[in-house]
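Participant: Here is the input, now give the coordinates:
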Amino acid sequence: MTPQDPAPRFGTLLRLRRRAAGLTLEELSERAGVSVRAIGDMERGRSRSPQARTVSSLADALRLDAADRAAFTEAARAGRRRPEEPAAGWCPLPPDAPGFTGRDAETAWLLRASPGTPLTVVSGAPGTGKRVLAVHAARQAADRYRDGCLFLDLRGLDAAPLPADEALLRLLGAQGVRGRDVPADTEERAALHRALLRDRRTLLVLADAADESQVRPLLPVPGRGAVWVTARRALTGLEHARRLPLGPLSAASAVAMLGALLGSRGTAADAPALAEIAGHCGGLPLALRVAGTRLATRPGPTVRDLADRLAARERRLGELRAGDLSVESAFARSYALLDDDRRLLFRRLALAPGPDVDSDLAALLTGLPAHLAEQSLDDLVELGLLVPVRGDRAALTDLLRLFAERRLRAEENPEEIDAVHDRLTGRRPGTDSDATRPNGSP
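Facilitator: Predicted coordinates:
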């Protein structure tokens, strides 16, 4: 049986449902009013065009529920299509990222999710390479999923993420359902989607999910396939999921990634400068990819030149840009999704006097009530914009601190910043004590 020969799939489904109901051919024939010979021909794939009325009678006789009936009916429709009407071919896996390296343990962990493992969530901060990892691992796992791998970008960071009904339309098209056969109702689309995937060994990769409500209608019932979801949020509301939080690469893996991207242009003499670049990138895969792409494609700066440019804190984010790849843009997309309180806390974290903060310091920085400051801090951790360190404390990575400083200077006036410094030092407004400001703060 192949994807181009759908008739045996209906025959196999009919046989499975008949046996599950404990019926012989003769008993099903009597219940449905369909001849034994016709049912036998359908089960053996000899009858390629069962009529809608026949299919409905068989479904009634088998007492199928709504989901099973939808799958049964769609399989029969597929058998009536002409061979020259292939599946839409939507939702193919993207190509593997050039120079992919440094995620061997995470890749192996994903590959341990065998067919039948219902749900895996890969989460992490902006630029940690969640989508790239999922695609890389899915390409390695493809031979385990004989019914294929489907990839769908949920556009969770856009102002308008992909709606569930549109996502289901694309997924159904990728499974061979013609547009005119797709139900108009979202719940009916979801039921058909679940019914089709239940008996298929398919890997579904859902990238950049906005939240749990966007993902739930797309999840199949537990069956023979698997679903991998990537998101900046941990999506803790999705139950019974395997979870893989992504952080920065190790120093050795970061240097290896730069070397892979640089290729033959790199030399042994570049090793110290590459280590410096990896450090300035904070092990962030997106930053490393930008730096490596710049070195590999531009004839101008040497490895040492780029290391020296990145050493200047005020220039670092601006230098981490190559074509449409930009670390600052990736951070800005997450920042744009925050509400006013979360944005306020994030940018004022640039004024924190130490390496990390707790809810009390968050309240002092923002002037928010303690419970709102604590909730804002938790939300920034869940979004990957803060890293939990110990207890209830959290910290900005170096690159995110640079971004917070930029947003602070762009969005707040000096008087507002001075007022925060006054609260931090316990001074009355108007006294003169710049010496007490945190090091490096605006």
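Participant: quick one: pLDDT of the residue nearest to G367 when sequence neighbours are not counted?
Facilitator: Distances taken as CB to CB, 6 or more residues apart in numbering place R423 nearest to G367, at 7.5 Å, with adjacent residues excluded. C-beta: built from backbone N, CA, C; applies to glycine. Taken from the predicted model, the pLDDT recorded for R423 is 89.
Participant: P98 too?
Facilitator: The per-residue confidence score, pLDDT, reads 84 for P98.
Participant: Using PDB, write down the CA coordinates of the helix or strand containing the residue nearest to G367.
Facilitator: Element membership of R423 [criterion: DSSP states H and E] is helix 414-425. Taking C-alpha atoms only, helix 414-425 is exported to PDB below (Å, rounded to 0.1, in the frame of the first residue of the first chain):
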ATOM      1  CA  PRO A 414      16.200  60.500  32.000                       C
ATOM      2  CA  GLU A 415      13.800  61.700  34.700                       C
ATOM      3  CA  GLU A 416      12.100  58.300  34.900                       C
ATOM      4  CA  ILE A 417      15.400  56.400  35.000                       C
ATOM      5  CA  ASP A 418      16.700  58.800  37.700                       C
ATOM      6  CA  ALA A 419      13.500  58.000  39.800                       C
ATOM      7  CA  VAL A 420      14.300  54.300  39.600                       C
ATOM      8  CA  HIS A 421      17.900  55.000  40.700                       C
ATOM      9  CA  ASP A 422      16.500  57.000  43.700                       C
ATOM     10  CA  ARG A 423      14.300  54.100  44.800                       C
ATOM     11  CA  LEU A 424      17.200  51.600  44.400                       C
ATOM     12  CA  THR A 425      19.500  53.800  46.600                       C
END
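Participant: mind listing what's buried in it?
Facilitator: I417, V420, H421, D422, L424 (16 or more other CB atoms under 10 Å).
Participant: And for stretch 333-346?
Facilitator: Of all the residues in stretch 333-346, those buried under the rule 16+ other CB under 10 Å are R333, S334, Y335, L337, L338, R342, R343, L344, L345, F346.
Participant: Go through these and name the one nearest E239.
Facilitator: Of all the buried residues of stretch 333-346, L337 has the smallest distance to E239: 24.0 Å, by CB to CB.
Participant: any idea how far that closest one is from R343?
Facilitator: Taking CB to CB, to the nearest Å as the criterion, L337 is separated from R343 by 10 Å.
Participant: what distance separates the start and the end of stretch 219-239?
Facilitator: This stretch, stretch 219-239, spans 12 Å end to end (CA to CA, to the nearest Å).
Participant: sorry, that was for stretch 178-185
Facilitator: Taking CA to CA as the criterion, the two ends of stretch 178-185 lie 15 Å apart.
Participant: ditto for stretch 37-53
Facilitator: 17 Å.
Participant: how far out from the middle of the chain is that stretch?
Facilitator: Counting by CA atoms, centre = their mean, to the nearest Å, stretch 37-53 is centred 42 Å from the centre of its parent chain.
Participant: what packs against the helix or strand harbouring A138?
Facilitator: Under the assignment given by DSSP H and E, the secondary-structure element containing A138 is helix 130-141. The elements that helix 130-141 packs onto, with contact taken as 3 or more CB pairs under 8 Å, 6 or more residues apart in numbering; DSSP states H and E, are helix 104-111, strand 119-124, strand 149-153, strand 203-207, strand 226-231.
Participant: out of these, which comes closest to A260?
Facilitator: Proximity to A260, assessed across the helices and strands packed on helix 130-141 by CB to CB, is greatest for helix 104-111 (13.0 Å).
Participant: What about L157, how many residues nearby?
Facilitator: 18 (other CB atoms under 10 Å).
Participant: Just give the nearest non-adjacent residue to it, would you?
Facilitator: In space, and not counting its chain neighbours, L157 is closest to R333: 4.6 Å by CB to CB, 6+ apart.
Participant: One more: L192?
Facilitator: A70 (4.6 Å).
Participant: give me the low-pLDDT residue ranges for the stretch 51-200 of the chain?
Facilitator: Counting by pLDDT under 70, the stretch 51-200 of the chain has low-confidence residues at 78-89, 114-115.
Participant: give me that answer again for 90
Facilitator: Scanning the stretch 51-200 of the chain for pLDDT under 90 picks out the ranges 51-57, 65-91, 98-102, 112-118, 142-148, 159, 175-182, 196-200.
Participant: got a pLDDT number for L258?
Facilitator: For L258, the pLDDT comes out at 93.
Participant: follow-up on the earlier one: so which of the buried residues of stretch 333-346 are in helices?
Facilitator: The members of these that map onto helices under DSSP state H are R333, S334, Y335, R342, R343, L344, L345, F346.
Participant: for the stretch 201-350 of the chain, what spans make up the strands?
Facilitator: Ranges of strands in the stretch 201-350 of the chain, per DSSP state E, counting those that start in this stretch, are 203-207, 226-231, 242-246, 321-322, 325-326.
Participant: Redo those as JSON lines? Include mean neighbour count, mean pLDDT and distance to T366.
Facilitator: Shown next, in JSON lines, are these (neighbours: other CB atoms under 10 Å; pLDDT from 0 to 100; distance: least, CB to CB, whole Å):
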{"stretch": "strand 203-207", "mean neighbour count": "24", "mean pLDDT": "96", "distance to T366": "33"}
{"stretch": "strand 226-231", "mean neighbour count": "26", "mean pLDDT": "96", "distance to T366": "26"}
{"stretch": "strand 242-246", "mean neighbour count": "16", "mean pLDDT": "94", "distance to T366": "26"}
{"stretch": "strand 321-322", "mean neighbour count": "16", "mean pLDDT": "92", "distance to T366": "30"}
{"stretch": "strand 325-326", "mean neighbour count": "18", "mean pLDDT": "92", "distance to T366": "28"}
